[in-house]
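S.K.: Got a predicted structure here, sequence first:
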2 protein chains.
Amino acid sequence: MDAKYGFLLLCLLALTDAAGNLCCSYPCQHGGFCLTEGFDKYICDCTGTEFYGRHCENPILSRRIKLWLKPRPSTMHNLLTNYEWLWNIVNNIPFLRNFIMKNIILMRAGLIDSPPQYDNEHTYITLDANFNHSFYTRTLPPVPLDCPTPMGVAGRKDLPDLDVLAKKLLLREKFKPDQRGTSLLFPFMAQHFTHMFIKTDMKRGPQFQWGGHGLDVSHIYGKDKHDEDLLRTFVDGKFKLQTINNEEWPLYNKDVNMTLNFFGFVPAMENNSFALGHSFFNNFPGLFMFSTIWMREHNRICDIMKKEHPEWNDERLYQTGKLIVLGETMKIVTEEYIQHLSNYHFQFLYKPELLFDVPFQYQNRIALEFNHLYHWHPLIPDEFSFGGTNYTLNNLLGNPALVIKHGMSSFVDSLSKQIAGKFTVRNHPHFGVKVAKNVIKHGRELRLQSYNNYRKRFNLQPFQSFEQLTGNKKLAQELETLYGDIDGVEFYVGLLSEKLRPKALFSETMMELGSPFSLKGLMSNPLSSPKYWKPSTFGGAVGFDLVKSATLKKLFCQNINGDCPEVTFRVPGFVESQGEAEDESLRNCPEHGEL
Amino acid sequence: MDAKYGFLLLCLLALTDAAGNLCCSYPCQHGGFCLTEGFDKYICDCTGTEFYGRHCENPILSRRIKLWLKPRPSTMHNLLTNYEWLWNIVNNIPFLRNFIMKNIILMRAGLIDSPPQYDNEHTYITLDANFNHSFYTRTLPPVPLDCPTPMGVAGRKDLPDLDVLAKKLLLREKFKPDQRGTSLLFPFMAQHFTHMFIKTDMKRGPQFQWGGHGLDVSHIYGKDKHDEDLLRTFVDGKFKLQTINNEEWPLYNKDVNMTLNFFGFVPAMENNSFALGHSFFNNFPGLFMFSTIWMREHNRICDIMKKEHPEWNDERLYQTGKLIVLGETMKIVTEEYIQHLSNYHFQFLYKPELLFDVPFQYQNRIALEFNHLYHWHPLIPDEFSFGGTNYTLNNLLGNPALVIKHGMSSFVDSLSKQIAGKFTVRNHPHFGVKVAKNVIKHGRELRLQSYNNYRKRFNLQPFQSFEQLTGNKKLAQELETLYGDIDGVEFYVGLLSEKLRPKALFSETMMELGSPFSLKGLMSNPLSSPKYWKPSTFGGAVGFDLVKSATLKKLFCQNINGDCPEVTFRVPGFVESQGEAEDESLRNCPEHGEL
């Protein structure tokens, strides 16, 4: 493979010599850094890559052995999503389960550079990339401005018109459901959870962000002390809540006066304006539901801790409640949310101590690429049913009180029983098209490298053809017309067009890029670090157990009166349409990534 | 030792039972966390400490072996500051030198918690301690508010009056010179360098800071993009400089218009207002000198890199110059500044790759304790001589143009030939007394734990008596009158009163606390991390060599016309008054820490 690449690169270089910046052709392999030396020479700095040679093309011996031994991502996926009997055994042998979990984390999170190297405005390392926290970081630096095409040397000089893309790739004609039976609870959990750390500061530009670069539960508690204080009772550590229809809900914002941020077309009115930790969360009932249930959980935790610690004041109960809520979040996200995403039979573990004997950087920075890949609007349908009543998407926007009307129990039950959409082309709901167009536009402004360059960055083989990318001839032809060259495909379009993996919600690239960011974020959180991960951080054994035994079902059912509703990421009774035997054979089947 | 402590603790506990918070007596040893359980019980959480037992008093076997093998800090210091013949051999055997350097870093930097755990307002872990960068972090949490005394249970209920302290411990009657021949270049280097990362945001309070928590060369380049842009020419990456008396100097601020910050009693006028990276740096000629020489060095680097990279634009030359300046700073600080501080015969190395095969956290947070211990005003004399002309300290304040008047060469030569003051009691220059009083006051407001608690935190034996602390009977009596109990001595007063180490500028505690913060800051900088530390980060081999071969002498002499002046941290020809044999015998001698 290396020799083949070397040759292709030399051809590319010969073609682009006149263009000025020789690094535009990305001649350096395996993470080597391309450095021009004057106008007509370049070198590849292979330091630290475990590769050597003019283009860092040759692995050193130990890396060569590792490469031989390492299974391909598709083989791993196949292994982990089949052989249920084998995994049932593994899941019950703690030593094996720990060993596998530890290695999944190290392999995934190890792909994320920490400390961060790049920002959105320089194609090389700068000090600000590390010290300026108002930037999103970049996993791959921007394409240099003096390159012949937006992707360097590959592809067309001009990328496709956004309206053409919207028509051909985004806009939904008919809702396509997820084929794995993912419930609507899943995308709303994703939306609520990710707004904690993906916070673009659009006033300054798409490269800026206003968050804390990690899991800090600011989406529940508020972005700063001022907002946090507005939500607090200052008694027994608790949030302000009010009773409506015999249930507890956040206060109307007229009584609290936080700054809220509605969609432009949704008017802020008294009955749709609640005081929540994130200014955006009145826009969807699903977000309001998750915020409410976490606020109830916080207050429930405060009651428990007050019994354990009658000597504690309001502040300590509040701060410890916050730590426990974060711990529960991380447990649920790892063992249920990521579990569902992966579709593995192997059971994930949130067990920070697995990493305490190995080098691991306990710091995190949110990457622009993570932001872009987390745009999952195709998962949202156009029609909803709550407690037997039908609604359109428009009925939901800016209407959090819908949760109060139907009640928490009925609302979460309804979300658990409805199927989410499929992440593929032509499945964006109407309101999501504008968002996706903006994502693609920002990707261009910030000069994201090509989809294939990202595959290489995450140890995947670059696609050789549009048909290999899409698994669908018709879509492949459309994309070829739009982009000309498989190496010229841009980031979000690639994600949307790639064939789905067998037995998975998403494509190979989405999973192989997304998991490292996710696992790095979870495991590098201070709470997962050796000095934090101990009983006293959570007020003692009782608080620590709350974290270690948290489940999504308990989160809801312990904060709902009456019977426990359905709380699940997979629609109950859903039967997958394909059996185990399909996996490899379906990889090039038109059905995956259909138009 | 452990059994003895256990008994003492039980006595203390019995005495303080009625006081409410049982953790005020700091019953948990070796970093165990004290957690109350109701009003009348507590437990020690020993997780991760390598100790067990009710008070984390018993080491686990591997730790016990390590403790047996580990020499005391005083033994280490004695070994490293004597036996010059031995170190001359070690310094010439790369394998040995690397091995020792690596272990010095790991032992020192390993004492700093990373990620940080505490802020200045909570006695327990909170999420904000990590996520809120506007706080100084805390190495030990504040003393709980509900404790019987400001230090917990030890010492008096009321700490000594600040004016009494000023009179008895701070104010200089007669200048006491450093006995190791430290030149005045050293404290001005310290002052310039530390203002990069110790930046208290007094408007918000002494617990707040406005810096980047590390070495980011913001003291030369400016605190943000706005300030940086004001200093730039935007041509070939260079700073704006002007020629006066045939030398290059920063611009008058009237031509640049940055926000400057003068001492209250110094009027900002045209001839004392230059545009510098740090708003405070016009206050001392020594700071102006260092800023100027680094700005010249940056421009010199830009010239070199422009020759290497004619294809680079202004921005890339500027950003790479900044990275090289930081690299040179770290090289000089490690191999000359810290070298001088340590007084070791072992030669320090700035060689980041030494840590690439071990777990090391590449993140840093500036601690309040580091801020407080870095108040070294006793090193500043009252009288100065530049180029044969005498000046008082008052002549210097707010008078940067003095450097221009005498010329860079003469000025640095004069600083190199004058002796600095000794860090001890009654040696604060007049203007420093107010600063030191504020440090002590802020230490009280932010409830710093006792000096002995800090000694324990950094693996030092707590002092048993005032005489052991001071090595001086008279001073011991004074302190006993003021504080009553050796465990009641506050942080900065302890630092100032402690006897100096043999063959060292400072006391044992200053060095054993300061070195971990310093080495952690240097080695955890992104520049020292595997992904940054490579030739291409510095524009290739030439830039990398600039970093790896930097010295203080070169910094000055390559940016001064004519002959190379004296550039040294030790006054040339200075003969130390004591020989090698003095070390242990002098430890209790009144001379060290004299009144």
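M.R.: Alright, I've got the coordinates. Residues are numbered from 1 along each chain as shown, chains lettered A, B, ... in the order given.
S.K.: From now on I want contacts and neighbour counts done on CA atoms only, so please keep to that.
M.R.: OK.
S.K.: And for whatever residue of the stretch 351-500 of chain A ends up closest to chain B, nearest residue in space, chain neighbours not counted?
M.R.: Proximity of the stretch 351-500 of chain A to chain B (Cα to the nearest Cα) peaks at A:Pro359, 4.0 Å away. Residue nearest to A:Pro359 in three dimensions, not counting chain neighbours: B:Pro359, with 4.0 Å by Cα to Cα, 6 or more residues apart in numbering or on different chains.
S.K.: A:Lys203: neighbouring residues, count only.
M.R.: 8 (other Cα atoms under 10 Å in any protein chain shown).
S.K.: Doesn't it lie inside a helix?
M.R.: No: secondary structure of A:Lys203 (DSSP: H, G, I helix; E, B strand; the rest coil): coil, not part of a helix.
S.K.: pLDDT averaged over the host helix or strand of A:Phe431, what's the number?
M.R.: For A:Phe431, the element it lies in under DSSP states H and E is helix A:430-445. What helix A:430-445 shows for mean pLDDT is 96.
S.K.: Residues touching the helix or strand just after it, excluding its own?
M.R.: Sequence-wise, the next helix or strand beyond helix A:430-445 is helix A:451-457, with elements assigned using DSSP H and E. Outside helix A:451-457, the residues within contact range by Cα atoms under 8 Å, 6 or more residues apart in numbering or on different chains are A:30-31, A:140, A:461-463, A:486-491, A:494-495, A:509.
S.K.: Would you mind writing the PyMOL command to select the buried ones in these?
M.R.: This is the PyMOL syntax for the buried subset of the contacts of helix A:451-457, where burial follows 16 or more other Cα atoms under 10 Å in any protein chain shown:
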select buried, chain A and resi 30+31+140+462+463+486+487+488+489+490+491+494+495+509
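S.K.: Tell me the one among the contacts of helix A:451-457 nearest to A:Ser183.
M.R.: Nearest to A:Ser183 out of those is A:Leu495 (Cα to Cα; 21.4 Å).
S.K.: Which elements pack onto the helix or strand hosting the closest one?
M.R.: Assigned by DSSP H and E, A:Leu495 falls within helix A:491-497. On a contact count with 3 or more Cα pairs under 8 Å, 6 or more residues apart in numbering or on different chains; DSSP states H and E, helix A:491-497 meets helix A:368-373, helix A:430-445, helix A:451-457, helix A:466-470.
S.K.: deepest of these, which one?
M.R.: helix A:466-470 (a mean of 24; mean count of other Cα atoms under 10 Å in any protein chain shown).
S.K.: So which residues of chain A form strands?
M.R.: A:33-36, A:42-45, A:51-52, A:58-59, A:242-244, A:247-249, A:383-386, A:389-392 (DSSP state E).
S.K.: Would you list the strands that the fourth one pairs with, along with their directions?
M.R.: It refers to strand A:58-59. Take DSSP bridges as the rule and strand A:58-59 pairs in its sheet with strand A:51-52 (antiparallel).
S.K.: what does the strand it pairs with rub up against?
M.R.: A:His30, A:Cys46, A:Glu57, A:Asn58, A:Pro59, A:Ile60, A:Arg63.
S.K.: Identify the farthest-apart pair in these.
M.R.: Every pair of the contacts of strand A:51-52 checked by Cα to Cα; the farthest is A:Cys46 and A:Arg63, at 13.5 Å.
S.K.: who has more neighbours, the two?
M.R.: The neighbour count for A:Cys46 versus A:Arg63, taken as other Cα under 10 Å, is higher for A:Cys46 (24 against 14).
S.K.: what's near enough to touch the residue lying closest to A:Gln339 once chain neighbours are set aside?
M.R.: Excluding the flanking residues, the one nearest A:Gln339 by Cα to Cα, 6+ apart is A:Phe348, at 6.1 Å. For A:Phe348, the contacting residues are A:Met101, A:Thr334, A:Glu335, A:Ile338, A:Gln339, by Cα under 8 Å, 6+ apart.
S.K.: Same check on A:Tyr124?
M.R.: Taking Cα under 8 Å, 6+ apart, one finds A:Tyr118, A:Pro141, B:Thr537 in contact with A:Tyr124.
S.K.: Top of those residues by number of neighbours, please.
M.R.: A:Tyr118 (25 neighbours).
S.K.: wouldn't that one be in contact with A:Thr137 here?
M.R.: Yes: between A:Tyr118 and A:Thr137 there is a contact under Cα atoms under 8 Å: 5.9 Å.
S.K.: For A:Lys212, give me its contacts.
M.R.: For the record, residue A:212 is Gly, not Lys. Counted by Cα under 8 Å, 6+ apart, A:Gly212 has contacts A:Phe197, B:Phe131, B:Asn132.
S.K.: From chain A, how far off is the second one?
M.R.: This points to B:Phe131. From B:Phe131 across to chain A, the span is 6 Å (Cα to the nearest Cα, to the nearest Å).
S.K.: excluding its backbone neighbours, what's nearest A:Ser465?
M.R.: With Cα to Cα, 6+ apart as the measure, A:Ile486 is the residue that lies nearest to A:Ser465, at 5.8 Å, once sequence neighbours are left out.
S.K.: The one you found reaches A:Glu467, doesn't it?
M.R.: No: judged on Cα under 8 Å, A:Ile486 makes no contact with A:Glu467 at a distance of 9.5 Å.
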